[in-house]
Every structure is written in C-alpha cells, then in structure tokens.
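> After the sequence you'll find the predicted model.
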Amino acid sequence: EPEVTQTPSHQVTQMGQEVILRCVPISNHLYFYWYRQILGQKVEFLVSFYNNEISEKSEIFDDQFSVERPDGSNFTLKIRSTKLEDSAMYFCASSGRTGGTDTQYFGPGTRLTVL
Amino acid sequence: GDSVTQMEGPVTLSEEAFLTINCTYTATGYPSLFWYVQYPGEGLQLLLKATKADDKGSNKGFEATYRKETTSFHLEKGSVQVSDSAVYFCAVTQGGSEKLVFGKGTKLTVNP
C-alpha cells in the first residue's frame, strides 16, 4: 500500500540553524500538507500546497518557514533560523484532491529538537 | 474558528470492555469529520470518517456517527483489544478549507 515517508525521523539542531525536513508524498497525490505537534499539545496545521504554490497557511507559518517541491517526488519544509519553540513533531500529509472530504495520508513524522 | 473538543485521557480499559471517546466540534457550514489513530512510534492513520449528517463511519470494529444536532462524533467500539492501545484524534475539515483541525488526542491503554 502506498505511504507517505519522511526523513529524517529525528533531527537535532542548534538554535538559529536552518533545517530542512523532507517528505515523499504518495505518488499520484496532488495536495500536500505540513502539520506539527508540540509535545503534549494538539496537532496543528501549518500549510497546504498545490500546483507549486501555497494554497492555505496558518498564522504559525511565518517568514521563517517555507515549503518547496523541488522535483516530482519530494516535498520539503524549511525553517530558516530555528527557535527553541520550533521543537515539535512535524508531520507531512498528502491527498488526491481537496475540498475537505478527501483523506489526508500522514507520514510517520520527523521529531525536531532545537537546543 | 473551527475547534474540536475531545475527552481527556488517558483511558485505561480491560480487554473486551466497551469504549467511548467523546468528541464535539464547532464549525460553520457542513464539516467533514474524522478519527485518526496513532500507534506507538508511528504516524497518524485514518481510522474512519463521515462527510454528512447521520453518516456512520466504521472500520476495524470502531464506529462513529455524525450528529449535527449535537455537533458530536463520538468514537465507540464494543470490545477493545490490547492491539487497540494507541492515541485517538478527532478532527474536522470544513468545505473550502483543506486544513484538518484536531482535538488534543486521547490515549487509550487496553490491558489483557
């Protein structure tokens, strides 16, 4: 069964450093998402991406964040200058279509630790 | 904005016990409702969903009915197994928006 994959599973970085989290969505999906979960808190939406542009973003997704689909398979989340409060589990998801009714399939997550 | 309120955990049950995890939501329009499950060390997996009022989603013995009048989507299972131990998340999307809004999650532990 196709699945979303994410690398690395755990990333440790120093405050102020740039990190890139990588995702490979399901191959025929067109809509891509990033969510995060700070330890003990809710899973929060960050951004959605379709047709090579951001279609929706939350207030969390400020200028420090960016997303890219550099080739036909990868979908990345970049944090330019990490802060302590960026420490969280980051989940990538993809779906075949939008409209709110389609299933978003999630990857296993990348645990980001900012020291 | 949209929000989801889930029963606080953790929940601990014995095998074969009946499970209910309550979920209520606030949303305008006609949201779609989802339950996701996260097994230890894994990502979020869709458990079931319902896209319109009175729909019942079901999977692996779990059920939830979209109740528009009470804005609820409670998860139930008649007889839980040890393998059901996981964190369960209720979530909602609204037509026109792609984002899933999640509840806090409820950790379920089932003992033999």
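On my side now, so go ahead.
> Flag every residue of chain B that's near chain A.
For chain B, the residues in contact with chain A (Cβ under 8 Å from any Cβ of the partner chain) are B:31-32, B:34, B:36, B:41-46, B:49, B:51, B:89, B:91, B:93-105. Any C-beta I mention is one placed from the backbone N, CA and C, and that applies to glycine too.
> ok, 7 Å please
Proximity of chain B to chain A is confined to B:32, B:42-44, B:46, B:49, B:51, B:89, B:93-100, B:102-104 under the rule Cβ under 7 Å from any Cβ of the partner chain.
> could you pull out the strands for chain A?
Assigned by DSSP state E, chain A shows strands spanning A:5-7, A:10-13, A:19-24, A:31-37, A:43-50, A:53-57, A:65-68, A:75-79, A:88-95, A:105-106, A:110-114.
> Could the C-alpha coordinates of the third one be exported in PDB?
Read it as strand A:19-24. The C-alpha coordinates for strand A:19-24 follow below in PDB (Å, rounded to 0.1, in the frame of the first residue of the first chain):
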ATOM      1  CA  VAL A  19      16.800  22.800   8.900                       C
ATOM      2  CA  ILE A  20      15.100  21.100   6.000                       C
ATOM      3  CA  LEU A  21      12.600  18.400   6.700                       C
ATOM      4  CA  ARG A  22      11.800  16.100   3.800                       C
ATOM      5  CA  CYS A  23       8.800  14.200   2.700                       C
ATOM      6  CA  VAL A  24       7.900  11.900  -0.200                       C
END
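> Outside of that strand itself, which residues are in contact with it?
Outside of strand A:19-24, the residues within contact range by Cβ atoms under 7 Å, 6 or more residues apart in numbering or on different chains are A:4-7, A:11, A:13, A:73-79, A:82, A:90, A:92, A:107, A:110, A:112.
> any idea of the mean pLDDT in it?
Strand A:19-24 shows a mean pLDDT of 97.
> Listing partners with orientation, what would you give for that strand?
strand A:5-7 (antiparallel), strand A:75-79 (antiparallel) (DSSP bridges).
> residues near A:S94, how many?
25 (other Cβ atoms under 10 Å in any protein chain shown).
> Tell me, what's the model's pLDDT at it?
For A:S94, pLDDT reads 93.
> what does B:D2 give?
68.
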